[in-house]
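Asker: when you get a sec, could you give me coordinates for this:
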Amino acid sequence: MTGKIWDDFITERDRKVFAAAGYGVRGTLPARPALLLVGFNQGNLDTIPSAQAALDAVRPLVTAARAQGLPVIHATGATRPDAWDRPQEDGRAAGADPLAETALAEALQPAPTDIVIRRQAPSAFFDSDLMSLLNLLGADGIVIAGGATAGAMRATVIDAFSLNLRVAIAEDACFDAWEASHAMALCDLQAKYADPLSAAGLADWVATLPGDMFALPKGCADKRLDLMPAYGKIPR
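Answerer: Below is the predicted model:
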């Protein structure tokens, strides 16, 4: 466990515990992975300094996944314009424009063969059709990127692990408002639940997988993106 972002935050006692318990052993990557993008919303890009760097890091991985015919799944929020149905987060003020906050990033719009799911809880699996879609695809694991690292991304990884999915994390394509939370979330996930790897390394690995393993959508636009058509487009 050297040369990692969490090295500045863990103690010598922590290192001894990790070594004695055998934490951090490299797992097996999925044979049939889906790429899951969590929280790449315009609101996060506007408010979290590290989100743009994460988006820049993930774009080549997205390109590689699409080129290889892997499922690319976007998980973003769903809410009414008045935020009546949005779960309350302790300690956080509600945003002025919930629709704009949950809009997918303009630089990472879904391709016709991508899949979009909506979530109202930190985990992309909670009360969504994500697991059903992964079963339909025959995916045995996920490569995940996004944020917040200690929030939605961590919750999603733990649920994926609990569902017996293999998980790889594009660690430099994750973001969080707090550096310590980001680092320690990755530390904990690496120790027990997933394998954090570089987005570039994962893109190289994706390129070695067999092409066209999956029956993806046939290029129809996902009309569910426009959940509130009566409100028109979000002004910029």
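
Asker: what about the longest strand in this protein?
Answerer: strand 166-175 (DSSP state E).

Asker: now the spatially most central residue of the chain. Nearest residue, chain neighbours left out?
Answerer: Closest residue to the average C-alpha location of the chain: residue 38 at 3.2 Å, with C-alpha atoms, centre = their mean. Nearest residue to residue 38, sequence neighbours excluded (C-beta to C-beta, 6 or more residues apart in numbering): residue 146, at 3.6 Å. C-betas here are computed from N, CA, C, even on glycine.

Asker: doesn't the one you found belong to a helix?
Answerer: No - with DSSP: H, G, I helix; E, B strand; the rest coil as the criterion, residue 146 is assigned strand and is not in a helix.

Asker: neighbours around it, how many?
Answerer: Neighbourhood size, residue 146 [other C-beta atoms under 10 Å]: 30.

Asker: specify the beta-bridge partners of it.
Answerer: residue 38, residue 174 (DSSP bridges).

Asker: do you know how far it is from residue 216?
Answerer: Separation of residue 146 from residue 216 (C-beta to C-beta, to the nearest Å): 20 Å.

Asker: what's the answer for residue 16, then?
Answerer: Relative to residue 216, and taking C-beta to C-beta, residue 16 is found at 47 Å.

Asker: about what we covered before: contacts for whatever helix or strand comes next after the longest strand of the chain?
Answerer: For strand 166-175, the following helix or strand on the C-terminal side (DSSP states H and E) is helix 179-192. Outside helix 179-192, the residues within contact range by C-beta atoms under 8 Å, 6 or more residues apart in numbering are 1, 4-6, 8-10, 18, 23-24, 50, 148-150, 153-154, 157-158, 161, 169, 171, 174-176, 196.
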